[in-house]
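Peer 1: Next comes the sequence, and after it the predicted model I'd like to discuss.
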Amino acid sequence: MSRAPTLLISLALYCVALSAQAAMLVSSVDRALLNAGETVELTLESDNPTLFGKPDLSALEDDFIVQGTRQVNHLKTLGSGSQATTRWIITLLPKRNGTVVIPSLQLGELTSQPITLQVTQGAGPAKSSTLAPVFIEASVDQDSVYVQAQAVLTLRIYHSVALFDDSNLTPLVIPDTRIERLGDTRTYEKLINGVRHGVIEMRYAIYPQQSGNLLIPAQVFSATLVQGMPNQTHDQGQNLQPSAPKAGKLVHVSSTEINLSVKAKPADYPADSPWLPARNVSLSEDWSPEPDHSLVGESLTRSLTIKAEGLSSAQLPPLPATNVGGLRRYPDQPQLANQGSDRGLIGSRVEREALVPTRTGAIDLPAVDVVWWNTHEDHLEQSSLPARTLQVASNPSLSVDTPVNTNNGLGLSSPLLWPWQLSTFLLAGSTLLGFGLWWRARWQPAEARVVQTGPSPRTVLDELKRASLANDPQATRQALDAWARQQPETLAGMAARFVPLSDALDGLNGALYSETGHDWQGAALWSAVRTLPTSERIPDPATDTSLPPLYPK
C-alpha cells in the first residue's frame, strides 16, 4: 500500500476523533455527598445542534428513582457567531446508601462519563409522625474545634408545603467569630416518613477567635404559604391533615442553639511560627521561563503558592522572600482566593516575584518551610519546598563594544615616523583638505542639507528626556541604551560611581520586570542623568548655549 492512501486514512480517523471529542455529552451533579432520602440533580449537556431526542435513562433504574426530567435550550453569542447548548436536568433519588455510581448514559452516538456519589445514613430530622409542615435544623461537623480553626455549620430548612418567594432567614452573627459563606444556596428534595419535603440548604465556615465555649444562636426562618396549594400530603394518596396550616399564613420557625467547644493553641506549637490549624497544607512553585538556562540580566518569574484546606486565604501568612546575593527581587501583590468544597473552605495565596540575576555562576535558593497543625490527626506537621541552585550564564546581548582607538587613525605605527615627518605630512594634508573644501563650497548653494548617519548626542538626549518625563519605562530603557552607547564609560560603570543613577536604574528595572510598571515615575532618572559629573554628562539641549546657531538672524 502506498504512503498517500495511508496518510489520508490516518487524517480521516484523526478528524473523526476530534469531532467526537468536540461533541461530548458532559455530565455533572450539584453535589456528590448526600444523605439517605435526599435527591440529587444530574445535568447532561451537549453543544451538538443536530442532536435530538432524550437520553436513554434505563441504566439508572437499578440504583435510582427518576423523579423528574426537564430540558433547557440555551443560545450563547460568541463574537460574530453563536453557540447553542442543550441541557437535560434529571432529578434522582438513590435507592441505597454507600457508594452509588451514576452510569454512563447514551444519547445517539454520544455517551456521558460515570459519576460516583456517596450516600450516608445521616442523622437527619427526627422521624416523627407529627413533623411540622415547615421546620429548620442546624448542625456542625464537629463538637470541638481549635481556636481560629474551621467548623462547618449547615442550616437546612424543610417544607412539605409550597412557599412564596418572600422567605427570609436572620443573618448569622456570632460574637468573636469569623464567618465565611460556603457556596450558593442548595435546593433539593427528601422523603421523610413517606412525605416529600423540599430542602433549602446553606453552609457556613465559622472560625472562633477565642478559646472556651462558643454559642451558635438560633436562626429564625419566615415565609408565607402559597394560596390554594395542598399543605401536607402523602405519596400514597392520604388526605390532608386537619392540623395543617392555612394557605397564605406567615410562618416563623427557629433552629436550636448549638454549643461548640473551642480549644486553645497547643502548648508545643512553635512560638515563632504563625498559627495554622488546617486539615492539609501544601506548597508549590512555578517558574516562567524555566530556570535551567538562566542568563545575567534576564528576568525569571517565580510563583510560590500555599494552599490550606480548612482555612481562608486571609489567614495564610506571607511566604519568605527570595533575598539572596546575586539576585535582584521585584515582588508583586499577593493573590488571595477561596474555594468551597464538601468539607469546607480551601484558601490559597500566590506570591509572584521577578528575579533578575546580576552575576554568573551558581546562586543557591534556600528551602521554603511552613509549620502547621493537622486538625484531622491532631499533631504538628511541616510542608516544605526543597532548596535549589540556579546556574547563571553570561548574557551575550549585554556585552559592550570597546571603543575604537582613534589615536592612530592613519593606520601607521608612530615609532616608524619621526616627529618632523609626521608634522609635515599633517600640515600638507590639512592644507590640501582646506583648499578642496573651499573650492567645493564655491559651487554649492548657500544652504546645504546635512546628512547624518546616526542620531546626534543632542537628539538622543532629547529622546531620553521625553520618554522619562512621559513615565514610559520601555521607551526610556531604549533611549537610555542609545545614550549610554555614546558615552566614554559603560552604564554599569557610571551607576557604580554615581548613587542617584544606580537608584534610578533600580526603579526602572522594577517597572520593567514587575506588573506595576504603570506606577513608575521617570523624573528621578532624568534628574540623575542631568546631574552626572561633568566628565560623563552630555549637556542638556534646553540649557546648553555653548554652540552658536548655524544661521544667526
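Peer 2: That came in fine, so what should we check first? Computed from a predicted structure; not experimentally measured.
Peer 1: Which residues are in contact with the spatially most central residue of the chain?
Peer 2: Closest to where the C-alpha atoms of the chain average out (CA atoms, centre = their mean) is Gln335, at 6.4 Å. Listed by CB atoms under 8 Å, 6 or more residues apart in numbering, the contact set of Gln335 reads 349-352. (C-beta placed from N, C-alpha, C; glycine too.)
Peer 1: Filter the residues you listed down to just the ones in strands.
Peer 2: Using DSSP state E, 349-352 are the members of those that sit in strands.
Peer 1: What pairs with the strand or helix carrying Val392, parallel or antiparallel?
Peer 2: Using DSSP states H and E, Val392 falls within strand 388-393. Here strand 388-393 is paired, per DSSP bridges, with strand 294-295 (parallel), strand 361-365 (antiparallel).
Peer 1: name the helices or strands packed onto whatever helix or strand comes next after the longest one?
Peer 2: In other words, strand 361-365. As assigned by DSSP H and E, the chain's next helix or strand after strand 361-365 is strand 368-374. With contacts taken as 3 or more CB pairs under 8 Å, 6 or more residues apart in numbering; DSSP states H and E, strand 368-374 sits against strand 277-278, strand 280-288, strand 300-309, strand 379-385.
Peer 1: got the contact list for the residue nearest to Pro533 when sequence neighbours are not counted?
Peer 2: Nearest residue to Pro533, sequence neighbours excluded (CB to CB, 6 or more residues apart in numbering): Phe498, at 7.1 Å. Contact analysis of Phe498 by CB under 8 Å, 6+ apart lists 528, 532-533.
Peer 1: with these in mind, which one is nearest to Gln486?
Peer 2: When the contacts of Phe498 are compared for distance to Gln486 (CB to CB), Leu532 wins out at 13.0 Å.
Peer 1: from memory the closest one sits against Val499, does it?
Peer 2: No - using CB atoms under 8 Å as the test, Leu532 is too far from Val499 to be in contact (11.6 Å).
Peer 1: Which one's more surrounded, those two?
Peer 2: A count of neighbours by other CB atoms under 10 Å puts Leu532 above the other of Leu532 and Val499, at 17 against 10.
Peer 1: Of all the helices and strands packed on strand 368-374, which one comes closest to Ser58?
Peer 2: strand 300-309 (39.2 Å).
Peer 1: And that closest one, how far out from the chain middle?
Peer 2: 10 Å (CA atoms, centre = their mean, to the nearest Å).
Peer 1: Parallel or antiparallel, which strands does it pair with?
Peer 2: Strand 300-309 sits in its sheet next to strand 280-288 (antiparallel), strand 344-357 (antiparallel), going by DSSP bridges.
Peer 1: Extract the C-alpha set from the following helix or strand past the strand holding Val392 and format it as PDB.
Peer 2: Beyond strand 388-393 on the C-terminal side, the first helix or strand identified by DSSP H and E is helix 419-442. What follows is helix 419-442, C-alpha atoms only, in PDB (Å, rounded to 0.1, in the frame of the first residue of the first chain):
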ATOM      1  CA  PRO A 419      58.200  63.800  14.600                       C
ATOM      2  CA  TRP A 420      59.100  66.300  11.900                       C
ATOM      3  CA  GLN A 421      58.000  63.900   9.200                       C
ATOM      4  CA  LEU A 422      54.600  63.400  10.900                       C
ATOM      5  CA  SER A 423      54.100  67.100  11.400                       C
ATOM      6  CA  THR A 424      55.000  67.900   7.800                       C
ATOM      7  CA  PHE A 425      52.600  65.300   6.500                       C
ATOM      8  CA  LEU A 426      49.700  66.600   8.700                       C
ATOM      9  CA  LEU A 427      50.400  70.200   7.600                       C
ATOM     10  CA  ALA A 428      50.300  69.300   3.900                       C
ATOM     11  CA  GLY A 429      47.200  67.200   4.300                       C
ATOM     12  CA  SER A 430      45.300  69.800   6.100                       C
ATOM     13  CA  THR A 431      46.300  72.500   3.500                       C
ATOM     14  CA  LEU A 432      45.100  70.300   0.700                       C
ATOM     15  CA  LEU A 433      41.900  69.400   2.500                       C
ATOM     16  CA  GLY A 434      41.100  73.100   3.200                       C
ATOM     17  CA  PHE A 435      41.700  74.100  -0.400                       C
ATOM     18  CA  GLY A 436      39.400  71.300  -1.600                       C
ATOM     19  CA  LEU A 437      36.700  72.300   0.800                       C
ATOM     20  CA  TRP A 438      37.000  75.900  -0.300                       C
ATOM     21  CA  TRP A 439      36.800  75.000  -3.900                       C
ATOM     22  CA  ARG A 440      33.700  72.800  -3.300                       C
ATOM     23  CA  ALA A 441      31.900  75.500  -1.300                       C
ATOM     24  CA  ARG A 442      32.200  77.900  -4.200                       C
END
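Peer 1: Same question for stretch 492-511: list its buried residues.
Peer 2: Applying a neighbour-count criterion of 16 or more other CB atoms under 10 Å, one finds 494-495, 498, 501, 504-505, 508-511 buried in stretch 492-511.
Peer 1: again with stretch 302-311
Peer 2: For stretch 302-311, burial by neighbour count (16+ other CB under 10 Å) applies to 302, 304-311.
Peer 1: just those now: which is nearest Trp483?
Peer 2: For the buried residues of stretch 302-311, the nearest to Trp483 is Arg302 (32.0 Å; CB to CB).
Peer 1: Quick one: residues contacting that closest one.
Peer 2: Taking CB under 8 Å, 6+ apart as the test, what Arg302 contacts is 285-287, 322, 352-353, 355.
Peer 1: and what of Arg203?
Peer 2: 152-155, 181-183, 340.
Peer 1: In JSON lines: those residues, plus secondary structure and distance to Gln474.
Peer 2: Formatted as JSON lines, the contacts of Arg203 follow (DSSP: H, G, I helix; E, B strand; the rest coil; distance: CB to CB, whole Å):
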{"residue": "Val152", "secondary structure": "strand", "distance to Gln474": "50"}
{"residue": "Leu153", "secondary structure": "strand", "distance to Gln474": "52"}
{"residue": "Thr154", "secondary structure": "strand", "distance to Gln474": "53"}
{"residue": "Leu155", "secondary structure": "strand", "distance to Gln474": "54"}
{"residue": "Arg181", "secondary structure": "strand", "distance to Gln474": "43"}
{"residue": "Leu182", "secondary structure": "coil", "distance to Gln474": "45"}
{"residue": "Gly183", "secondary structure": "coil", "distance to Gln474": "43"}
{"residue": "Gly340", "secondary structure": "strand", "distance to Gln474": "41"}
